[in-house]
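Colleague: Sequence first, predicted coordinates after that:
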Amino acid sequence: MDPSEVEFLAEKELVKIVPNFSLDKIYLIGGDLGPFNPGLPVDVPLWLALNFKQRQKCRIIPPDWMDVEKLEEIRELEKREEAFTPVPSPYYMELTKLLLNHASDNIPKADEIRTLVKDIWDTRIAKLRLSADSFISQQEAHAKLDNLTLLEINTIREFLLNSLNCMFKLRSNLQAGSSGRTFTDY
Amino acid sequence: MFITDIKKDFYEVVANQRVALLVAGDIDALCACKILQALFHCDHIQYTLVPVTGWQELGTAFLEHKEQFRYFVLINCGANVDLLEMLQPDDDSIFFICDTHRPVDVVNVYNDTQIKLLIKQDDDLAVPSYDEIFRDEDEENEDDSGNESDEGSEPSGKRRRFDEGAVERRIERQRVRREWEARRKEILFDYEQYEYHGTSAAMMVFELAWVLTKDTKDMLWWAIVGLTDQWVHDKITHMKYVTDVATMQRHVSRHSHRNEDEENSLSIDCMRISFEYDLRLTLYQHWSLYESICNSCYTCCHFKLWTLNGQKKLQEYLADMGLPLKQVKQKFNSMDMSIKENLREVIEESSNKYGIKDIRIQTFGAQFGFKNRFLASDMVHAAAALLESTEKDESDTDNFIKALDSLSRSNLNRLLSGIDLAKKKLIAIQQTVASCICTNLILSQGPFLYCYLMEGTPDVKLFSKPMALSLLCKYLLKAFVHSTRNKRCKLLPLVMAAPKDVEKGTIIVVGIPPESETSDKKNFFGRAFEKAAESTGSRTLHDHFDTSVIELKTEDRIKFLDALITLLS
């Protein structure tokens, strides 16, 4: 899966906006949205929020978890625990990137939030790499990882699957050689 | 006619229509175009952007697009000429003109249906009133025919008396009409004699954005760059510049009140615009201080840096300020912090000692990200250099698009390459000025000064473009005024000629008004060039939107010049 595909899926998340125009309810395939009244907050999918923001038709309200203290707590927790801690949102990385790129003037302390989210991401990816490494070296049959987000899985999926395939081929060749059977090329 | 409610009469009219945007080739027009494009993007208004560099291109662009478009928006072109006569449009084409060229042609002012002027009705417009210029033809004919029928129906006995009365009345009417026509000619001549510039087009379009409450910091920055372009290229008076800066300052304070809030400070990547009372040294923050002083018109002319004495004075000046040469000659960003901190005040003090008043000028600066700090004049110079770059294989449209891109925040590479080109251009200008003054290339022809750049002059290709040549003209006149001892010559205007197209054998001629402290920047060379060309039959092309810039065949240069001298003496 391409990271841009993951970002596309992330854009379905709902965020709160405050529009400055009025529009009746709109009926889309994915659901109903609206009605929009100036000054009244309304929940819309991220893709629509960003489109409105770029056309200067709304103000985006950052999600609850996008707050300096909360993110600092999550970061500390992540550093202490060995397993993966629950994330504030299944698409926290994509949401942060999109919101900070397009609507950073609506988000207070945007620079600190960017740094904190990057720290959390780095810690989790480091844990993921360690766990993948131990999985391969100890030749485990299965592993259980809770609380991983789609983007994190996506970073390691390609590499992990290919390397496991290669190891399988190597191992099966070894066994074939040691038991004297002729091996066929796969 | 003038538009009063810009939102209702312009924006809402084009809201659901397709619009053709015809944009002239100067930085103010580019900035206005960018603001308008951003507004159109917000509201999904379809538009076609056509850069035009002169009247001919305007005509061809109009012919190409008149089938598909009903609404045309002209930026910085079209106000000073009778547009309907020139373009011969259909009755349903509507033109919205946002132009700084003055005087506005009277037909454009009084046409109620097809021409809408996006121009503020300032007190400096001085348009003659309707009755003084236009007169209903019908009254005349009715009277005449009425009298004739009277004559015919009267019996023959009284005919003689009536004949005399009618003839007298007719003579009287004709006399009145001749007087009126003479007065009308005089009024029109006075009105159209001098060419000057009004409020920046970018500022007008920014006001539209403000009325729609869709103004952003980016748009404000473009409006500021448009205003600064008028000041850098000497199109408006100092008074007007200061007044407009004050208007922009109000907008800047309105947009930047959030920066100071400790709790919710803005991200460093957001654009911050600040009012600066900064030095008049061109591009000094992207160059070394020494280079900037040597290549800025203001300091170069005051120190007379083309003379040996001038160089010595500069060294004294730097020593007086306590700035070591090594520091001053390296890139500004790498100078010691201790020197940079009080630089402006130190320079101002020293300059006052050396008789250089007004080394500081009111302007604005923008900052986005940690590294990117630009003054408005930096952007003007960079965009102008890109717009008029003379590289081979680059058409005018390419240059236009590149210059337009350099104004966006996301195209920093383009902007930095523009700054490099601008540095080269400034160095070329200073060297040309120095050589012209030292070799006395400026001749006094009586009513004006004249200078001709020969074909072999270094960098003469740069000066085949009107903006670059006008800038050179301005600097040259300033330098001449500072270096000559002849009191009378100091008050003369300057006409400059440079080769434009070697294959076609043409030269470009530019005329600028005399240099003075309180100059009102009114230029009479437009009309003068026209008349001189007519009287000698020289082959000229009055293609540029500024009437004081023309193209002339090289062979006709001498007789054109003689005609101009006789005309102006």
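Modeller: Yep, that arrived.

Colleague: Return the residues in contact with the residue of the stretch 451-569 of chain B found nearest chain A.
Modeller: Of all residues in the stretch 451-569 of chain B, B:Phe545 sits closest to chain A, at 32.3 Å by C-beta to the nearest C-beta. In this view, the C-beta of every residue, glycine as well, is placed from N, C-alpha and C. B:Phe545 is in contact with B:Ala24, B:Gly54, B:Trp55, B:Asn76, B:Cys77, B:Asn80, B:His101, counting by C-beta atoms under 8 Å, 6 or more residues apart in numbering or on different chains.

Colleague: Swap in 10 Å and give it another go.
Modeller: By C-beta atoms under 10 Å, 6 or more residues apart in numbering or on different chains, B:Phe545 lies in contact with B:24-26, B:29, B:52-55, B:58, B:76-81, B:99-101, B:466.

Colleague: just B:Tyr284 next, same as before
Modeller: B:278, B:290-293, B:295-296, B:332, B:343, B:347, B:375, B:377-378.

Colleague: From the contact counts, what lies against the lengthiest strand in chain A?
Modeller: When chain A is parsed with DSSP state E, its longest strand is strand A:14-19. If you count contacts as 3 or more C-beta pairs under 10 Å, 6 or more residues apart in numbering or on different chains; DSSP states H and E, strand A:14-19 packs onto strand A:42-45, helix A:46-54, strand A:58-61, helix A:92-102.

Colleague: Export these as CSV, with columns for mean pLDDT, distance to chain B and mean neighbour count.
Modeller: Shown next, in CSV, are the helices and strands packed on strand A:14-19 (pLDDT from 0 to 100; distance: least, C-beta to the nearest C-beta, whole Å; neighbours: other C-beta atoms under 10 Å in any protein chain shown):
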stretch, mean pLDDT, distance to chain B, mean neighbour count
strand A:42-45, 93, 18, 16
helix A:46-54, 93, 8, 19
strand A:58-61, 92, 12, 21
helix A:92-102, 92, 7, 20
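
Colleague: how about those in a markdown table, adding distance to B:Ile550?
Modeller: Shown next, in a markdown table, are those (distance: least, C-beta to C-beta, whole Å):
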| stretch | distance to B:Ile550 |
| --- | --- |
| strand A:42-45 | 58 |
| helix A:46-54 | 45 |
| strand A:58-61 | 52 |
| helix A:92-102 | 48 |
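
Colleague: wait, which of those is closest to B:Ser338?
Modeller: Nearest to B:Ser338, of all the helices and strands packed on strand A:14-19, is helix A:92-102, at 35.9 Å by C-beta to C-beta.

Colleague: count of residues packed around residue 90?
Modeller: Went with chain A since none was named. For A:Pro90, the tally of surrounding residues (other C-beta atoms under 10 Å in any protein chain shown) stands at 16.

Colleague: you looked at the wrong chain, it should be chain B
Modeller: For B:Asp90, using other C-beta under 10 Å, the count is 9.

Colleague: how about B:Phe69, secondary structure?
Modeller: coil (DSSP: H, G, I helix; E, B strand; the rest coil).

Colleague: Which residue, neighbours along the chain excluded, lies closest to it?
Modeller: Nearest-residue entry for B:Phe69: B:Ala20, 4.2 Å, with adjacent residues in sequence omitted and distances by C-beta to C-beta, 6 or more residues apart in numbering or on different chains.

Colleague: That neighbour against B:Leu74, yeah?
Modeller: Yes. B:Ala20 is within contact range of B:Leu74, at 9.2 Å (criterion: C-beta atoms under 10 Å).

Colleague: So for those two, which residue has more residues nearby?
Modeller: B:Leu74 (26 against 22).

Colleague: would you say that one is within a helix?
Modeller: No. Judged by three-state DSSP, B:Leu74 forms no part of a helix; its state is strand.

Colleague: how about A:Arg171, what does it touch?
Modeller: Here A:Arg171 is in contact with A:Gln139 (criterion: C-beta under 10 Å, 6+ apart).

Colleague: Phi first, then psi, for the one residue in the stretch 401-550 of chain B that gets nearest to chain A.
Modeller: Residue nearest to chain A within the stretch 401-550 of chain B (C-beta to the nearest C-beta): B:Ser410, separated by 11.1 Å. As for B:Ser410, its main-chain torsions (degrees, to the nearest 10) stand at phi -80, psi -10.

Colleague: For it, grab the count of nearby residues.
Modeller: 7.

Colleague: so what's B:Phe62 closest to, chain neighbours aside?
Modeller: B:Leu87 (5.1 Å).

Colleague: on that earlier part again, helix or strand for the residue nearest to B:Phe69, just tell me which one.
Modeller: Taking DSSP states H and E as the criterion, B:Ala20 maps to strand B:19-23.

Colleague: can you check B:Leu552 too?
Modeller: strand B:549-553.

Colleague: mind listing what's buried in that strand?
Modeller: B:Val549, B:Ile550, B:Glu551, B:Leu552 (16 or more other C-beta atoms under 10 Å in any protein chain shown).

Colleague: Please apply the same query to stretch B:183-199.
Modeller: Those would be B:Arg184, B:Tyr191, B:Glu192, B:Tyr194, B:Glu195, B:Tyr196, B:His197, B:Gly198, B:Thr199, for stretch B:183-199 by 16+ other C-beta under 10 Å.

Colleague: Need the per-residue pLDDT for the third one.
Modeller: Which is B:Glu192. What the model reports as pLDDT for B:Glu192 is 86.

Colleague: Ok, the last one next?
Modeller: What the model reports for B:Thr199 is a pLDDT of 90.

Colleague: Contacts only, for it.
Modeller: B:Thr199 touches B:28, B:98, B:100, B:102, B:119-120, B:122, B:124, B:207, B:226-227, B:230, B:236, B:240, B:243-244, B:247, counting by C-beta under 10 Å, 6+ apart.

Colleague: Give the buried subset of the residues you listed as a PyMOL selection command.
Modeller: Under the burial definition 16+ other C-beta under 10 Å, those of those that qualify are selected in PyMOL by:
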select buried, chain B and resi 28+98+100+102+119+120+207+226+227+230+236+240+244
